[in-house]
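[1] Sequence plus predicted model, see below.
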Amino acid sequence: MNNANIEEERPLVVIVDDDEAVRTSLEELMLSVGIEAAGFGSTRELLEADLPERPGCLVLDVRMPGSSGLDLQQHFAATGNPKPIIFLTGHGDIPMTVQAMKAGAVDFLTKPFRDQSLLDAVATGIERDVAQRADARLVKEYADRHATLTPRERQVFHLVAQGRLNKQVAFDLGITEVTVKLHRSSVMKKMEVSTIGELIRVWNTLPAALREQAT
């Protein structure tokens, strides 16, 4: 792995808190365990920033002037950004905690909190993001392979993935069973799988929009 790739995989924790002293303290805490951190005083500052695309998580103060941490969580959800979030608050209540956790927050810590509690939550958030990024890369690989299939191969792929036998696929598409076998072999080669089980797993991993193209 070259230096550029290593840099891209280094975790980055993003901290958003309108209290500069708290922000600085949190950045120093992250650096003390070898984790790079970037601090912002508001959700607007974060959204306007040009951050590198690296694994990590967000540490957000719930109550801030302007958009709150919960508002930012909703924004990310609406834009399809699954970055894990840890909430910090001095005004926590049960409904707010439930709302944050239901929306996928990693943790919800009430100030003052133990440094180790935050570091544990950050470690969990980074692990989750690394896994999510790996899954996203795999889905993209499958989508790129799927794009190389012909329209007929996509139809065969869909029907085989639904558990249809060769003779049933042939009947459904009005082609010979030999032709089905040829298409299925081509699909498996292009999708880089060696068994029908793998082919079905790949099909179920594809984005819904791609699966629907063959129906």
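    That came through fine. Numbers count the residues shown, from 1 in each chain.
[2] mind listing what's buried in the helix or strand hosting residue 143?
    According to DSSP states H and E, residue 143 maps onto helix 115-146. By 16 or more other CB atoms under 10 Å, the buried positions in helix 115-146 come out as 118, 121, 122, 125, 126, 128, 129, 133, 142, 145, 146. No exception for glycine: its C-beta is placed from N, CA and C like everyone else's.
[3] Format these as a markdown table; extra columns: distance to residue 74 and pLDDT.
    Converted to a markdown table, those look like this (distance: CB to CB, whole Å; pLDDT from 0 to 100):
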| residue | distance to residue 74 | pLDDT |
| --- | --- | --- |
| 118 | 23 | 96 |
| 121 | 20 | 95 |
| 122 | 22 | 97 |
| 125 | 18 | 95 |
| 126 | 22 | 96 |
| 128 | 19 | 94 |
| 129 | 19 | 94 |
| 133 | 22 | 91 |
| 142 | 29 | 96 |
| 145 | 34 | 97 |
| 146 | 32 | 96 |
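[4] quick check, nearest of these to residue 87?
    residue 121 (9.5 Å; CB to CB).
[5] Can I take it that residue 13 is in a helix?
    No - counting by DSSP: H, G, I helix; E, B strand; the rest coil, residue 13 is located in no helix; its state is strand.
[6] where's residue 183, which helix or strand?
    helix 177-191.
[7] for the following helix or strand past that helix, which positions count as buried?
    On the C-terminal side of helix 177-191, the closest following helix or strand by DSSP H and E is helix 196-205. Residues 199, 200, 202, 203 are the ones in helix 196-205 that count as buried (16+ other CB under 10 Å).
[8] which other helices and strands contact helix 196-205?
    Identification of packing neighbours for helix 196-205 by 3 or more CB pairs under 8 Å, 6 or more residues apart in numbering; DSSP states H and E yields helix 115-146, helix 151-161, helix 177-191.
[9] now the spatially most central residue of the chain: how far from residue 65?
    Relative to the mean C-alpha position of the chain, the nearest C-alpha, by CA atoms, centre = their mean, is the one of residue 132, at 3.9 Å. Here residue 132 is placed at a distance of 30 Å from residue 65 (CB to CB, to the nearest Å).
[10] and the helix holding residue 183, how far out from the chain's middle?
    32 Å (CA atoms, centre = their mean, to the nearest Å).
[11] what's in contact with that helix?
    Contact partners of helix 177-191, identified using CB atoms under 8 Å, 6 or more residues apart in numbering, comprise 142, 145-146, 148-149, 152-153, 156-157, 160, 166-167, 169-170, 173, 194, 199, 202.
[12] switch to 6 Å and redo it
    145, 148-149, 153, 156-157, 160, 166-167, 169-170, 199, 202 (CB atoms under 6 Å, 6 or more residues apart in numbering).
[13] thinking again about what came up before, export the helices and strands packed on helix 196-205 to JSON lines and tack on distance to residue 80?
    Converted to JSON lines, these look like this (distance: least, CB to CB, whole Å):
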{"stretch": "helix 115-146", "distance to residue 80": "10"}
{"stretch": "helix 151-161", "distance to residue 80": "24"}
{"stretch": "helix 177-191", "distance to residue 80": "25"}
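[14] and the residue lying closest to residue 90 once chain neighbours are set aside, how far is that from residue 133?
    Leaving out its chain neighbours, the residue that sits closest to residue 90 by CB to CB, 6 or more residues apart in numbering is residue 111, at 4.3 Å. For residue 111, the distance to residue 133 equals 30 Å [CB to CB].
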